[in-house]
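Undergrad: A structural model of the following input is requested.
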Amino acid sequence: MSVNILMATDGSGEATTAMHTAARVTGPERRNFTLLCVAPSYPKPRRGGRRREDYERRILSEITHILSGAQTDLGGRATTVSLVAEIGSPAAVIVAKAEDYDLTVIGPKGIGAAPGEG
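TA: Down below sits the predicted model:
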């Protein structure tokens, strides 16, 4: 039997602990991990504000770094690992994707949570 696990990560120590716990408690079954990192959408421009393209390029680079680190931390605890990067409301993206998995794992709160998120 295989277990499909959605692991939402922000690269924090709490998220890494949650990921290791999920790998441990799912036992010897085939574990298919999808590592998901969601960055908040581009904020509305402020006076002298940032450009959306620059923000998305920078944030996607950070997400890629977080996901690569999570994949390394997971090590051989997974049968397969998929990496997914998204920009949007972290809570909304996680909830929407969770329907397709047997288990969804999250840490206590995102380290980069915007006010009202996380």
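
Undergrad: could you point out which element follows the one helix or strand Asp73 maps to?
TA: Asp73 belongs to helix 52-74 when assigned by DSSP states H and E. Using DSSP H and E, the helix or strand that follows helix 52-74 in sequence is strand 80-87.

Undergrad: That next one - what's its average pLDDT?
TA: The pLDDT scores in strand 80-87 average 94.

Undergrad: by contact count, what packs against it?
TA: If you count contacts as 3 or more CB pairs under 8 Å, 6 or more residues apart in numbering; DSSP states H and E, strand 80-87 packs onto strand 30-39, helix 52-74. Where you see a C-beta, it was placed from the backbone N, CA and C, and this is true even at glycine.

Undergrad: closest one to Ala96 among these?
TA: In terms of CB to CB, the element of the helices and strands packed on strand 80-87 nearest to Ala96 is strand 30-39, at 10.4 Å.

Undergrad: mind showing which ranges of the chain have poor pLDDT?
TA: Scanning the chain for pLDDT under 70 picks out 45-50, 109-118.

Undergrad: taking the helices and strands packed on strand 80-87 together, which one is wrapped up most tightly?
TA: With neighbours taken as mean count of other CB atoms under 10 Å, the helices and strands packed on strand 80-87 reach their highest mean count in strand 30-39, at a mean of 22.

Undergrad: Which neighbours in the sheet does that one have, and how are they oriented?
TA: strand 2-8 (parallel), strand 80-87 (parallel) (DSSP bridges).

Undergrad: what angle do the longest one and helix 52-74 make?
TA: With axes from the mean of the first three to the mean of the last three CA atoms, to 10 degrees defining the directions, strand 80-87 sits at 160 degrees from helix 52-74.

Undergrad: Noted, bye for now.
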